Structures are given as structure tokens and as C-alpha cells.
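>>> Only the shape, not the letters, is given here:
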């Protein structure tokens with residue numbers, strides 16, 4: 001009997017050690033996370049990547065960050081998403097280029113037991129985001145409609161509520177581009193003294209295309225008062241058009257989006273009036289944090305994590321609150 005009890009005790013102790021070891025290993029495991037962005041060329045995405053990498057180091061996780069060469073390459077991005085799912089990582093972060101094109105892939109990830117948290121832009125999921133969604137747990141994003149609305153209010157003040165204004169968008173297909181445009185337009189239409197010209201697009205935010213659009217607009221509308229560009233590339237292109245036309249600084253007000261070295265220089269020099277900045281590092285960090293906490297501890301993240309935005313210009317560009325969200 002004593003021998004039997006001894007065997008049972010030893011077996012129990014071994015089970016405890018194995019069980020404890022498994023728990024520790026699960027907790028200490030370096031998680032593998034795939035992040036599929038909308039692009040890699042703009043500095044915005046490099047800032048998102050930096051925020052994600054920094055957060056991953058803090059939480060014992062490794063990320064692989066990738067995106068297509070331009071923000072018009074939806075098919076290429078979907079190939080990347082397929083590849084990420086095939087690797088069976090611990091989790092996936094995804095910034096949707098299109099509104100519905102990725103839905104079947106996101107469901108495939110869900111069915112394979114791979115949690116997905118979106119960032120910057122969400123796909124138009126058929127059900128609510130959350131733990132029970134077969135699309136995604138949620139999205140870390142900037143409230144782009146509210147940001148566009150703020151840009152419109154700033155534009156009104158700059159042109160004193162009168163004159164022609166042109167919107168140059170960077171996308172007609174991804175929700176971020178749509179919301180930045182609509183937030184501005186819906187607000188600017190409330191000002192009776194402002195005439196809104198037909199919106200034009202530099203698909204993907206191509207700076208050269210934006211320069212062509214703005215150059216033509218300046219010729220066709222010598223009384224143009226303001227331009228709103230919905231991303232970094234558009235804003236840079238508009239600035240180049242101003243330089244080519246040898247416009248007096250401030251004659252046409254330009255409000256852009258995001259930051260980047262060239263755009264920041266244009267604002268400091270007075271060529272550009274201001275811009276809306278997101279918190280790209282915050283977007284990357286919050287996405288990784290949400291996924292790691294969910295995988296490791298079962299903590300369900302909020303379906304919407306608003307990472308905030310600010311308007312900055314020559315006067316406040318060095319404000320610590322602003323400067324911490326700018327990137328070169």
C-alpha cells in the first residue's frame with residue numbers, strides 16, 4: 001500500500017511539474033504576429049511599424065510588417081494576407097485597402113483560429129466587431145470623419161469663410177480616404193460663402209499626380225483660396241505645384257494630412273498652412289497590445305480604439321503633445 005501511495009505521489013508531482021512548466025512556457029512563448037499594412041513607401045507606415053516593433057519588444061512578441069508598394073495594389077495586399085494566414089501565426093493585424101475584398105480571407109483566419117485586429121482602416125465587416133465576429137476583434141484607428149471636419153473648420157478660419165476650395169483625395173476605395181474626404185466636405189458645405197470645387201483624386205496619394213491636379217486647378221481657378229489634401233503624398237504634391245507656380249506663400253491655403261519631413265518643412269517655411277496628424281506609433285502599439293493581451297491572457301480588446309489626432313501648424317509644431325506624433 002505504501003508503495004502504491006509513493007507511486008501516486010511521484011506521478012502527481014510529475015504532473016504538477018509538467019503542468020506548471022506548460023503554463024510557464026505558454027506565458028513565456030514569443031508570439032508571432034503578422035502585420036499587413038496598406039503600404040510601406042510613406043513615412044506614416046514606417047511610424048506605425050516602429051510603434052508596433054517597440055510594443056512587441058515590451059510584450060515578448062515578434063512582428064513581421066509588410067505592405068504593397070502603393071496603396072492602390074489591393075490584389076497584392078490580399079496575396080500578403082493569404083500568405084500570412086498560411087503561416088498560422090499567433091495573430092494577424094490588418095489595415096484594409098478595400099472595403100469588402102478581404103472579407104473571405106478574414107473569415108478564413110477566424111476559422112483557422114487566428115485572431116485578427118485591424119488597424120488604421122477597417123474592412124466593412126457584415127457583423128459587429130468583437131470576440132464573436134468572424135471578421136475581426138476590432139480596429140485601432142483615427143476617427144477620420146472627425147479629423148476631416150476639424151480640417152474644414154481650420155480652412156474656414158484661414159480663408160475667412162469665403163472663396164473656392166478644392167479637395168484632393170488619395171483614395172476612393174478605402175474607408176480612411178472616404179471618411180477624410182466626407183468629414184471635410186460635409187462640414188465645409190455648411191459655410192455659405194465657400195464654393196467647393198469637384199473633388200479630384202491622386203489615387204494612392206501619388207505626389208506627382210497630385211502636383212498635376214493642383215497645377216491645373218491653379219490655372220483654371222486663379223481665385224482659388226484653399227486646398228485640402230487627404231494624405232502625405234497629396235500634400236507634398238500640392239506644395240510642389242505651389243513652388244512651380246511661384247505662388248506667394250499663403251496666397252492659397254493648404255491643409256494636409258499626416259506629417260513626413262517634406263510636409264513639415266513646408267509648414268515651417270509657410271508654404272503650407274497646416275495639417276492633421278494622427279498618432280501612427282500609437283496605432284501600431286495599440287494593435288500589438290490588443291493582440292498579445294488577447295492571445296496570452298484572453299483579454300478581449302475594445303472593438304474600437306480611437307488613437308486620436310491633432311491639427312498642427314507653424315506655431316504649435318514644436319509643442320511636445322504635437323511633436324510626439326510627428327515623424328520624418
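Yes, it's here. For clarity, every value in this text was computed on a predicted model and none was experimentally measured. Residues are numbered from 1 along each chain as shown.

>>> going forward, measure contacts between C-alpha atoms and count neighbours the same way
Fine.

>>> tell me the contacts of the spatially closest residue to residue 161 that is not a sequence neighbour?
Nearest non-adjacent residue to residue 161, counting by Cα to Cα, 6 or more residues apart in numbering: residue 193, 5.7 Å away. Residue 193 is in contact with 161-163, counting by Cα atoms under 8 Å, 6 or more residues apart in numbering.

>>> buried sites along the host helix or strand of residue 80?
Residue 80 is part of helix 74-86 when elements are defined by DSSP states H and E. Within helix 74-86, the residues scored as buried using 16 or more other Cα atoms under 10 Å are 74, 77-78, 80-82, 84-85.

>>> Off-centre distance for it?
18 Å (Cα atoms, centre = their mean, to the nearest Å).

>>> Ok, stretch 223-232 next?
21 Å.

>>> Over to stretch 167-179?
13 Å.

>>> Give me the mean pLDDT for it.
Over the span of stretch 167-179, the pLDDT mean works out to 92.

>>> tell me which residues form a beta bridge with residue 61?
residue 31 (DSSP bridges).

>>> Do I have it right that it meets residue 52?
No - with contacts counted by Cα atoms under 8 Å, residue 61 stays clear of residue 52, the gap being 10.0 Å.

>>> between these two, who's got more neighbours?
residue 52 (27 against 21; other Cα atoms under 10 Å).

>>> How about residue 64: what's its closest non-neighbour residue?
residue 34 (5.1 Å).

>>> Next one: the one you found from residue 97, what distance?
Counting by Cα to Cα, to the nearest Å, the gap from residue 34 to residue 97 is 16 Å.

>>> is it fair to say residue 172 lies in a helix?
No - looking at residue 172 with DSSP: H, G, I helix; E, B strand; the rest coil, it is coil, so not inside a helix.

>>> Which residues are in contact with residue 119?
Residue 119 touches 93-96, 139-141, 283-284, 287, counting by Cα under 8 Å, 6+ apart.

>>> Which element, helix or strand, includes residue 295?
helix 280-297.

>>> can you pull out the helices in the stretch 51-200 of the chain?
74-86, 103-111, 144-158, 175-188 (DSSP state H, counting those that start in this stretch).
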